[in-house]
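Asker: sharing a model prediction with you, sequence too.
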Amino acid sequence: MLIRGTSESALLTSLGIGAVVVGACVPTSAVGDGPVLCPFRRLTGLPCPGCGLTRSFVYTMHGDLPAAFAAHAFGPPLVAFSLVAAVTAVVRRRRGHGAVDLRRAVRHPLVVVAVIAWLGYAVARAAVGT
């Protein structure tokens, strides 16, 4: 356990929902042309696999899906996944079920394909330098 009395899946779900809430609260004007904060990008000039996710979350939560997908193709699906994970966690808790077993979940073929696609996308972005 990462935090006493809190499962890893609950912590990850909370972090995802926190990112979604921040995305909803930050105005799109604040993320348009801000400074580069990513240490990897500052050091290499190349985007890391997560570069653009903050902008993508903000644009998604403000309904600008073209800008969200342009910032990071995995942003809108990750927002949707975070919301579904939160609803699932609440439903499981209300029904008296335990938290989702992350060790089992990360081995699911859909998760494996998503991670491979994310890494492929990151390599492609780094190759073109955007």
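Answerer: Received it, and whenever you're ready, just let me know what you need.

Asker: give me the contact list for the one helix or strand in the chain whose mean pLDDT sits lowest.
Answerer: Within the chain, no helix or strand scores below helix 102-105, which has a mean of 78 by mean pLDDT, DSSP states H and E. Residues outside helix 102-105 that contact it (C-beta atoms under 8 Å, 6 or more residues apart in numbering) are 8, 9, 12, 111. C-beta: built from backbone N, CA, C; applies to glycine.

Asker: which element is the spatially most central residue of the chain on?
Answerer: Centroid-nearest residue in the chain, with C-alpha atoms, centre = their mean: residue 78, separated by 4.5 Å. Assigned by DSSP states H and E, residue 78 belongs to helix 75-94.

Asker: mind listing what's buried along that helix?
Answerer: Neighbour-count burial for helix 75-94, counted by 16 or more other C-beta atoms under 10 Å, picks out 75, 76, 77, 78, 79, 82, 85, 86, 89.

Asker: hmm, which of these is lowest in pLDDT?
Answerer: Minimum pLDDT for those is recorded at residue 89 (81).

Asker: and it, what does it touch?
Answerer: 9, 10, 13, 99, 100.

Asker: tell me the SS of the residue of the chain positioned farthest from its centre?
Answerer: The C-alpha centroid of the chain is most remote from residue 96, which lies 27.4 Å away (C-alpha atoms, centre = their mean). For residue 96, the assignment made with DSSP: H, G, I helix; E, B strand; the rest coil gives coil.

Asker: and the pLDDT for it?
Answerer: Value for residue 96, per-residue pLDDT: 80.

Asker: cool, residue 16 as well?
Answerer: At residue 16, the pLDDT value in this model is 84.
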